[in-house]
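>>> here is a sequence with its predicted model. Questions after.
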There are 2 protein chains.
Amino acid sequence: MNRGKLYVVSAPSGCGKGSILSEVLKNNKNLFYSVSATTRSPREGEVNGVNYYFVSLEEFKREIESEGMLEYAEFCGNFYGTPKKKVMEKLEQGFDVILEIETVGAMKIKKAMKDAILIFILPPSVSELRRRLNKRGTEEESVIDKRINEAVDEIKKAVYYDYVMMNDELEKAIKDFEAILKVSKLTIENNRNLIEEVLKNA
Amino acid sequence: MNRGKLYVVSAPSGCGKGSILSEVLKNNKNLFYSVSATTRSPREGEVNGVNYYFVSLEEFKREIESEGMLEYAEFCGNFYGTPKKKVMEKLEQGFDVILEIETVGAMKIKKAMKDAILIFILPPSVSELRRRLNKRGTEEESVIDKRINEAVDEIKKAVYYDYVMMNDELEKAIKDFEAILKVSKLTIENNRNLIEEVLKNA
């Protein structure tokens, strides 16, 4: 059995990353979604172990010190990180693992794990992204401006990813994503054993 | 518009390469199938310009001398090669091009064109390949033995390809092939312009 593959997915808020991933996870039972840990408080409706592992600052720092985090970063005074143990276990068991993290974390993962596959999901345009964020109607104009600025900074980092795909149509985006998963299994690196197997008893 | 991609496909005889390619070409109108040139005589039913360009040895040698062949090789006293001009034209026009050639030619292409994508189609096993060749019932046992030996030699070269896919089920193999085509368009190398486009007017 081959070791699983690690996929790192980033996208600015409003790119439909959640819709893509939930469909992809439903269709691909061999995929394990890695839940991040955070020191921020749960928002209404968020469930511990589903949206995040909500931990104290002390716990988080202890994990960092014992090298229990694959990557972590601080945003707005809160820590966010990827607990290492579960990810490694799943990969060893042959499961593929998805990390949904921002670009700083993604770069750290790429450095630590060369064979990780980095996927960036683009919005059709920044103006479309603004339209989507406005449509939600949940946030002030100034907050949206801030999110747009962050999005632009994130999108600039897309050049460091392995793949970029645009979510201009959800069905297409899901197919693109699943094609990346499929093709990452067809690389020669993944199939040396298969070739030997085919040649056996030749 | 991006330049087209060059795909090189190899598979031993009996791997169902023809069935896969004819379906893929039907579904993907942006794909151009490069017809090889050969000095061998047409077999019954073979059409000039469809199966091969049937040319004289003099013509073939003239093409080699004028660097008109992207790759060529000699087998059993006959020359086979890929006419360069049409392939280059199509790539420039943004079409993707498929070369269906054996491993020696594939290696030459990879050397000359680093961004060519090499795909090897595996049979489920060598014994299954033998079963398929026997089933055709058109060839003597000794000819089948020879083909199997050639197949084994070809399969050993699969390790130099970018992707290997097994044709154990035609539908699956077609999907695998089309996923490789799709994903080769999602690489970062192919999408730097797209990222700039998204950021425009940000």
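The structure has been received and is ready for your questions. Residues are numbered from 1 along each chain as shown, chains lettered A, B, ... in the order given.

>>> what about the longest helix in chain A?
helix A:141-156 (DSSP state H).

>>> show me what it is packed up against.
Helices and strands touching helix A:141-156, by 3 or more Cβ pairs under 8 Å, 6 or more residues apart in numbering or on different chains; DSSP states H and E, are helix A:126-136, helix B:192-199. C-beta here means a position set from N, CA and C on the backbone, and glycine is covered the same way.

>>> so A:A158 makes contact with B:I195?
Yes. Counting by Cβ atoms under 8 Å, A:A158 does reach B:I195; the two are 5.1 Å apart.

>>> quick check: neighbours shared by those two?
Residues touching both A:A158 and B:I195 (Cβ atoms under 8 Å, 6 or more residues apart in numbering or on different chains) are A:122, A:164.

>>> which of those two has more neighbours?
A:A158 (25 against 20; other Cβ atoms under 10 Å in any protein chain shown).

>>> helix, strand or coil for that one?
The local conformation at A:A158, judged by DSSP: H, G, I helix; E, B strand; the rest coil, is helix.

>>> chain neighbours aside, what residue packs nearest to it?
The shortest distance from A:A158 to any non-neighbouring residue, by Cβ to Cβ, 6 or more residues apart in numbering or on different chains, is to A:F120 (4.1 Å).

>>> with only the CA atoms kept, save the strand or helix carrying the one you found in CSV.
Using DSSP states H and E, A:F120 sits within strand A:117-122. Output of strand A:117-122 as CSV, limited to C-alpha atoms (Å, rounded to 0.1, in the frame of the first residue of the first chain):
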residue,chain,number,x,y,z
ILE,A,117,0.5,19.1,-3.2
LEU,A,118,-0.5,22.7,-2.9
ILE,A,119,-3.7,23.8,-4.5
PHE,A,120,-4.9,27.4,-4.6
ILE,A,121,-8.5,28.3,-5.4
LEU,A,122,-9.0,31.6,-7.2
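
>>> neighbouring strands for that strand, and are they parallel or not?
Paired strands of strand A:117-122, with direction, are strand A:6-10 (parallel), strand A:163-166 (parallel) (DSSP bridges).

>>> so which bits of chain A are right by chain B?
For chain A, the contact set with chain B under Cβ under 8 Å from any Cβ of the partner chain comprises A:122-127, A:148, A:152, A:155-156, A:158-166, A:175-176, A:179-180, A:182-183, A:186-188, A:191-192, A:194-195, A:197-202.

>>> hmm, try it at 7 Å
A:122-123, A:125-127, A:152, A:155-156, A:158-159, A:161-166, A:176, A:179-180, A:182-183, A:186-188, A:191-192, A:194-195, A:198-199, A:201-202 (Cβ under 7 Å from any Cβ of the partner chain).

>>> pull out the buried members of those.
Neighbour-count burial within the residues of chain A next to chain B applies to A:122-123, A:125-126, A:155, A:158, A:161-166, A:176, A:179-180, A:182-183, A:186-188, A:191, A:194-195, A:198-199; the criterion is 16 or more other Cβ atoms under 10 Å in any protein chain shown.

>>> in chain A, what spans have low per-residue confidence?
A:1 (pLDDT under 70).

>>> distance between the strand holding A:F120 and the chain's centre?
8 Å (Cα atoms, centre = their mean, to the nearest Å).

>>> who touches that strand?
Strand A:117-122 is contacted by residues A:5-11, A:15, A:17, A:20, A:106, A:110, A:155, A:158, A:161-167, A:180, A:184, B:194-195, B:198 when judged by Cβ atoms under 7 Å, 6 or more residues apart in numbering or on different chains.

>>> check contacts around the residue positioned nearest the centre of chain A.
Nearest residue to the geometric centre of chain A (Cα atoms, centre = their mean): A:E100, 2.2 Å. A:E100 is in contact with A:9, A:17, A:21, counting by Cβ under 7 Å, 6+ apart.
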